[in-house]
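Q: quick one, what's the 3D model for this:
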Amino acid sequence: MEDAAAPNSGSEFNPGARRGKSIDECQDMIRRSFRNPIVKFLMEQMEKSGCRVGDNFVKAVVCTGPVAGGYTKGRGITVCSNYLTIQDEVNQVVIHELIHAYDECRAKNLDWTNCAHHACSEVIRAGHLSGDCHFKRELLRGFIKLRGHEQECIKRRVLKSLRGNPYCSEVAAKDAMEAVWDTCYNDTKPFDRAP
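A: Modelled structure (predicted):
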């Protein structure tokens, strides 16, 4: 059984009362996520960009921190079996983390210690393109707002994520997010538009 601390970039965990799944059950859910059209598309785009996605690129682990998963350069994607209970959650984590992997593949110089790089890939792009801030997900988190909920959600999650980056102060995080917002929010690659 592999145990993982919080990876470089992590999908936000909703800390409700969760039982989670075993590593084997989660690994089966990961295999099922490979049939998801968005997951398939992202993996194909990574291959087309010259980044091989091997058999063990996405793996289930037991995590020590309250995260749903993460991407670590050179190691791949981890999905935290002990915090996920349903297929939709696994699909969401895999999509979110594949966007980071795609960004890493495409950019070649992505620096997670740089607040602007982190803000752009972590939540502005991954949050926007993966559907993390879809209305139904926000409703389940207890955030009820009909107008402008997606951008507000993304901004909230960017700042939360950057608070965990030891290289980003609160002020640097907010400045970085604002500096890259338009460029990163409107960058929908490899999609033609946000799914």
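
Q: what about the helices in this protein?
A: Taking DSSP state H, the helices of the chain run over residues 23-33, 37-48, 87-107, 115-119, 126-130, 135-141, 149-163, 170-186.

Q: flag the shaky bits of this protein, pLDDT-wise.
A: 1-18, 123, 135-143, 145-148 (pLDDT under 70).

Q: how is it carved up into domains?
A: 10-106, 109-194 (the TED database).

Q: got TSV for these, with mean neighbour count too?
A: (C-beta placed from N, C-alpha, C; glycine too.) Putting the domains of the chain into TSV (neighbours: other CB atoms under 10 Å) gives the following:
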stretch	mean neighbour count
domain 10-106	19
domain 109-194	17
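
Q: what's across from the residue nearest to residue 79 when sequence neighbours are not counted in the sheet?
A: Spatially, and ignoring its direct neighbours in sequence, residue 79 is nearest to residue 69 (4.5 Å; CB to CB, 6 or more residues apart in numbering). In this structure, residue 69 bridges to residue 11, residue 79 when assessed by DSSP bridges.

Q: any idea how far residue 69 lies from residue 166?
A: Here the criterion is CB to CB, to the nearest Å. By it, residue 69 lies 21 Å from residue 166.

Q: might one say that residue 114 is in contact with residue 172?
A: No - using CB atoms under 8 Å, residue 114 and residue 172 do not qualify as a contacting pair, with a distance of 10.1 Å.

Q: would you mind measuring from residue 56 to residue 76?
A: Computed with CB to CB, the distance linking residue 56 and residue 76 is 7 Å.

Q: brain fart, residue 168
A: Here the criterion is CB to CB. By it, residue 168 lies 24 Å from residue 76.

Q: same question, residue 164
A: Shown here: residue 164 relative to residue 76, a distance of 20 Å by CB to CB.

Q: quick one: contacts for residue 76?
A: Listed by CB atoms under 8 Å, 6 or more residues apart in numbering, the contact set of residue 76 reads 54, 56-59, 101.

Q: 10 Å - rerun?
A: For residue 76, the residues meeting the contact criterion (CB atoms under 10 Å, 6 or more residues apart in numbering) are 7, 53-54, 56-59, 70, 97, 101.
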